[in-house]
Each structure stands twice: as structure tokens, then as C-alpha cells.
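Asks: need a 3D model of the following:
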Amino acid sequence: MSDDRNVIIIGSGPAGYTAAIYTARANLKPLMFEGYQPGGQLMLTTEVENFPGFRHGIQGPDLMAEMRAQCERFGTEIFSQDVERVDFSSRPFRIWAEGKEFRAATVIVATGAKARLLGVPGESRLMGHGMSTCATCDGAFFRNKVIAVAGGGDSAMEEANFLTRFGSKVLLIHRRESFRASKIMLDRARANPKVEFVLNAAIEEVLGDDKVTGVRVKDTITGATRILATDALFVAIGHTPTTAFLGGVLTLDENGYLVTHHGAKTNIPGVFACGDCQDHVYRQAITAAASGCMAAIDAERWLEANAGH
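Replies: This is a model prediction of the structure:
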């Protein structure tokens, strides 16, 4: 037995929840698969100060809870399941979750991306307490503090430069002496008097009880370990978009992000994408929410134009 819907939303977070609010208010009765770990990357943050409408800030999980409740208020049906596979080769589109088949006239993909982490002790425990994967989100919390950045690519250089606006000093910790970063980004970081390079250093542990106080690093040449005092650690070693389950049906870029055009449209008419699964540039809660709105309006218009087809 299958279950037919106007709109199925795969994923949650600011993008998915906003898409659900808009499609529900348009009386499209959306079904959302929010996943086993709903809410996206904001579930790993503490204070969110840059989302409009909360002048005193709001905790990331609280913001997601408010958005989710707003979805339900307008009639979104929410399943806390992961989608296992999809078939977009014919209409209606087919989606499977926990072995059950669902069918939909339109699909909105809002599965987000996950920041790559170091995988060292203390990292997950201190996430949101000095550990972060987003300088734009959390840099302002560390004014006049020592800040560390882990990474060697363009994003690490960009985050290090950005964080010098706030920190008294930024330690850029990298495992090697060579960098993946472009020359212009590397030169910009090297020219910044607040950026101090710590090379041939692998982070082995993030230190601190209730907040980050330092990192233990190992010299990749000599094997010697030492402790670097820091008030924060920003991990900038890339993101992995959650798109593998799509099985290559939708067009991806070289890094696995969904390619969209003219708003939220994918290469398959009637399938739309929003949020961090298609945005590797801004990656903010507000831009994810905005793209969720775009996907919902695109889906609504597509349904109107294709009614009866």
C-alpha cells in the first residue's frame, strides 16, 4: 500500500521547517520526514544571536522546536524517520521510509549537510561550549579571546581571517606545512598580524570541563605533544551534504551538493531543493529558511501549473 501526497519534504532544519510552514498554509497538506536526528546543525549550537526576531538571542534547539511547532500548527504531518531511497523516474514520485512506500506529486529535499569533525576526545562533548563549526555564527562570542582554527583549505583561511575581528589572537592549526588553500587566501591569512600558524600539528584532544580551555596537539614530525591554550576551537575542514541516499538521480556538483537553478528547481521538474544540501556558500539559518520558502512557493506554483497532468 502506498500513500499519495501533494508535497513530501525530506529533511527538517530551518529549510525543511520553513518549506513545511509555507506549503501547509497553502493547504497542500505536506508530509515531512524530519529524520531520526531532526533539526539540522542548529541542534548542535547554543546561543543564536543573528536570527531576526530574537533580539536577546535564542538557543538553537529552542529555535528548531518553535519552527517545528509552527509546522504542526498549520497541519504538517511529521514522521521522525529517515528516507531510505527514492524513485523520481516517473510520476507520482516514490519514496520509501522504514520499508513503506509513499508517493507525491512534488518533493522538496532539505536534508542539509554535516560539518566534518576531527573525531577526537572532547570535541562532541564541548560542541556549543567553545567548539564550533561556524565562525559567522559564533565568532562574536569570543571577543578579545584566543581562538584556534583547525584546517588548511580556503574555508580555514577565511574563518581565521574573519575571527581576527573578534579574537586577540587566532591560532591556525594544520597537520602539514603545505596547504589546499588557494594562494590568495593563504597569503591573506599570512599577512594578518593576528593569525599565528601552528604547522605539522595534529589535534589529539579538545580540553576543558564545561568549556574549551585548550587543545592537545601532536607534532607530526617528532611525535612530541604539547598543549595550546585557547578559548575556542573552530573546525573548518569542510562539510558533507546529505545527498547520498538520492542515488545519483538529481544533479550534484563535484562536492556532492544538489545543483539548483531559477530558485529551488533541480534537474527533475517537480523536485526542489533548499538549505545546506544545495548551499555551500552562505550556510546560515536565515538563508536556509529563505530557500525553504522559495522551494515551497516553487512547488505550489508547479502544482498549479500541472494540475491534472
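Asks: give the contact list for the closest residue to Glu34 other than its chain neighbours.
Replies: Nearest in space to Glu34, with sequence neighbours left out and distances taken as Cβ to Cβ, 6 or more residues apart in numbering, is Ser12 at 3.8 Å. Just so you know, the C-beta spots here come from the backbone N, C-alpha and C atoms, and that holds for glycine as well. By Cβ atoms under 8 Å, 6 or more residues apart in numbering, the contact set of Ser12 is Met32, Glu34, Gly35, Pro38, Gly39, Gly40, Met64, Arg68, Ala110.
Asks: look up phi and psi at the first one.
Replies: Met32 has phi and psi values of phi -110, psi 130 when expressed as degrees, to the nearest 10.
Asks: residues touching it, list them.
Replies: Ile8, Ile9, Ile10, Ser12, Gly16, Ala20, Cys71, Thr76, Glu77, Ile78, Phe79.
Asks: for the one helix or strand Ile21 maps to, packing partners?
Replies: Under the criterion of DSSP states H and E, Ile21 resides in helix 13-25. On a contact count with 3 or more Cβ pairs under 8 Å, 6 or more residues apart in numbering; DSSP states H and E, helix 13-25 meets strand 4-10, helix 60-73, strand 100-109, helix 285-305.
Asks: please repeat the previous calculation with a cut-off of 7 Å.
Replies: Packing partners of helix 13-25 (3 or more Cβ pairs under 7 Å, 6 or more residues apart in numbering; DSSP states H and E): strand 4-10, helix 60-73, helix 285-305.
Asks: show me the shaky parts of this structure.
Replies: Applying pLDDT under 70 to the chain flags residues 1-3, 44-46, 308-309.
Asks: please repeat the previous calculation with a cut-off of 50.
Replies: The chain contains no residues with pLDDT under 50.
Asks: helices along that one, start to end?
Replies: 13-25, 60-73, 135-138, 154-163, 183-191, 285-305 (DSSP state H).
Asks: name the residues that touch the last one?
Replies: Same thing as helix 285-305. 6-7, 13-16, 18-19, 22-23, 26, 28, 42, 48, 51-52, 105-106, 108, 110, 263-265, 269-270, 272-276, 279 (Cβ atoms under 7 Å, 6 or more residues apart in numbering).
Asks: no further queries at this time; thank you.
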